[in-house]
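[1] Fold the following.
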Amino acid sequence: MEIRAGHGALVWFRRDLRVFDHAALHHALAAGAPVHCAFVFDTTILQGLPRDDRRVAFIHASLVELAAELEALGGHLLVRHGDAGTVIPALAAELGVGAVYANEDYDPAAIARDAAVAEALAAQGRALGLFKDQVIFAKDEVLSQAGKPLGVFTPYKKAWLKRLEAHPDALAPWPIDPHAASFAPGRSQLPVLQAIGFEGADLAAVGVTPGMRGGAAVFEAFLPRLAGYGTERDYPARDGTSHLSLHLRFGTVSIRHLVRTVIQLAARGQAGDGGATWLSELVWREFYQMILFHHPRVVHAAFKPVYDKVDWETGPQAEELFAAWCAGRTGYPLVDAAMVQLNTTGFMHNRLRMVTASFLCKDLGIDWRRGEAYFALKLNDYELASNNGGWQWAASSGCDAQPFFRIFNPVTQSERFDANGDFIRHYLPPLRGLSAKEIHAPWLHGGAAGYPAPIVDHAEARQRTLERYEVVKGR
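    Have a look, this model is predicted:
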């Protein structure tokens, strides 16, 4: 895309809050015209969020760092609050730029927003340029041999790796510093959180460091644990995961840098089995992004339409069960500890996301969409594609999902992945006095004061689930 002679450009930051290896910023600067930078606290996204939402605090703190880094390079950051669909065209007109540059977003609502912005800009005689940045391969870049979107992960992963082998330049960074002379000078404008209707959140208290420096520190801390990731990641009481999902969500790290690093370590024999497993997780992320792009209906419907025939529980009793699940008061310690972790920190270990989702859908018989919405409200790293994909996997309605008759036993999962009960004790004080044998099923050992009895019998719930899913048999 070319900028009209004599005009500048506006780079619209969204989920890419960094000043290194940034596709849109690189292309704008390389074009040579004065480049302005902006971020919009989009009211259409923020409406309905609690005033102390950690994600808004994370974004704000990351923007403070971003503004400082841009100023160090000779630029500045303009932060606005409003409907991005109208704010960006208005800001482009105010600055008199010839084009707006941004990185692609594959959520259906974002695609519609960008189409509206492009139309508004075109009416002004300006252009919107979109660039791939948050994934290695997007849209139609990884397809079946027949040229169709893939709906099963393993063939997708094989095709993804094959394409990367053929196109190693997909990992090449987009440099910023060599083109810094193209930044338009100016003063950054960043409102305080209170001015946009939010309060601060104590991110440090939940182990979160925002911004590019935070993302870099998290990655550096993970690298010594990478080799053991394949096994350690399953145990919630251990520090076995990367903790990078939040930084990937808001782009304070570069996906190209992450993938390039793990591949380089593997080539030197320093990544172990964990490196391949972690790379697979990054490919899963792109798989779900691809599914959402090609099948936007999954936002509200089952990927496998027949699963929308499942008759979920409703009514007062179902509401009570759902409330108990949300609050971590189901009587199943691993489920409850996981929900308390989510409610108090905004983080939930990946295995526990599967366990709690399975419990809601297959022990309580409650629609996966309700659980997905609750996670969307609470997760620091909430990302529509991955959250939707994970919930549909648990409910068996998604692409490459577990079969409907596979139902996690919350006690067995607890005994296997938190054998000593360390994770449970950390989040459930009433159970701290129980032994490793007692803590997984307290009701079998006389219970524990202050802790509820199970709200359902797992064996009975399992049978009800098999009956509930009869409508999908043979489909």
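
[2] List the residues that contact the most centrally placed residue in the chain.
    The chain has E383 as the residue nearest its centroid, 3.2 Å off, counting by C-alpha atoms, centre = their mean. Shown in contact with E383 (C-beta atoms under 8 Å, 6 or more residues apart in numbering): S245, L248, R249, R285. Just so you know, the C-beta spots here come from the backbone N, C-alpha and C atoms, and that holds for glycine as well.

[3] With neighbour count, pLDDT and distance to E94 as extra columns, can I get those residues in JSON lines?
    Formatted as JSON lines, the contacts of E383 follow (neighbours: other C-beta atoms under 10 Å; pLDDT from 0 to 100; distance: C-beta to C-beta, whole Å):
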{"residue": "S245", "neighbour count": "19", "pLDDT": "97", "distance to E94": "36"}
{"residue": "L248", "neighbour count": "22", "pLDDT": "98", "distance to E94": "32"}
{"residue": "R249", "neighbour count": "20", "pLDDT": "98", "distance to E94": "30"}
{"residue": "R285", "neighbour count": "21", "pLDDT": "97", "distance to E94": "36"}
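
[4] from those, which is closest to G398?
    Closest approach between these and G398, by C-beta to C-beta: R285, at 14.6 Å.

[5] if I read this right, M290 contacts K148, doesn't it?
    No: the pair M290 / K148 is not scored as a contact, 11.6 Å apart, by C-beta atoms under 8 Å.

[6] In helices only, show me the contacts of E383.
    S245, L248, R249, R285 (DSSP state H).

[7] Assign the residue nearest to the first one when sequence neighbours are not counted to helix, strand or coil.
    Taking C-beta to C-beta, 6 or more residues apart in numbering, and ignoring the residues beside it in sequence, S245 has D381 as its nearest neighbour in space, at 3.9 Å. Local secondary structure at D381 is given as coil here, using DSSP: H, G, I helix; E, B strand; the rest coil.

[8] give the contact list for D381.
    By C-beta under 8 Å, 6+ apart, D381 lies in contact with S245, L246, L248, R249, F347.

[9] what does F287 give?
    F287 makes contact with L150, F153, Y156, K157, W160, G389, according to C-beta under 8 Å, 6+ apart.

[10] ditto for W443
    W443 is in contact with G331, A453, P454, counting by C-beta under 8 Å, 6+ apart.

[11] Go ahead and confirm the first one touches P454.
    Yes: counting by C-beta under 8 Å, G331 sits close enough to P454 to count as a contact (3.6 Å).

[12] Distance to Q134 added to the contacts of E383, as CSV?
    Listed next are the contacts of E383 as CSV, based on distance: C-beta to C-beta, whole Å:
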residue, distance to Q134
S245, 13
L248, 8
R249, 9
R285, 9
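
[13] Closest one to W174 out of these, please.
    Nearest to W174 among those: L248, at 16.8 Å, using C-beta to C-beta.

[14] any idea how far V19 is from that closest one?
    17 Å (C-beta to C-beta, to the nearest Å).

[15] go on, I111?
    From I111 to V19 the distance is 26 Å (C-beta to C-beta).

[16] quick one, which of those two is more surrounded?
    V19 (23 against 16; other C-beta atoms under 10 Å).

[17] Now do the contacts for that one.
    L25, L66, E69, L70, L73, I176, M212.

[18] In helices, which of those residues fall?
    Those of those lying in helices (DSSP H): L25, L66, E69, L70, M212.

[19] list the contacts for the fourth one?
    Read that as L70. Counted by C-beta under 8 Å, 6+ apart, L70 has contacts V19, C37, H76, L77, F183, S188.

[20] Skip the chain neighbours and tell me the closest residue to it.
    Using C-beta to C-beta, 6+ apart and skipping the chain neighbours, the partner closest in space to L70 is L77 (5.2 Å).
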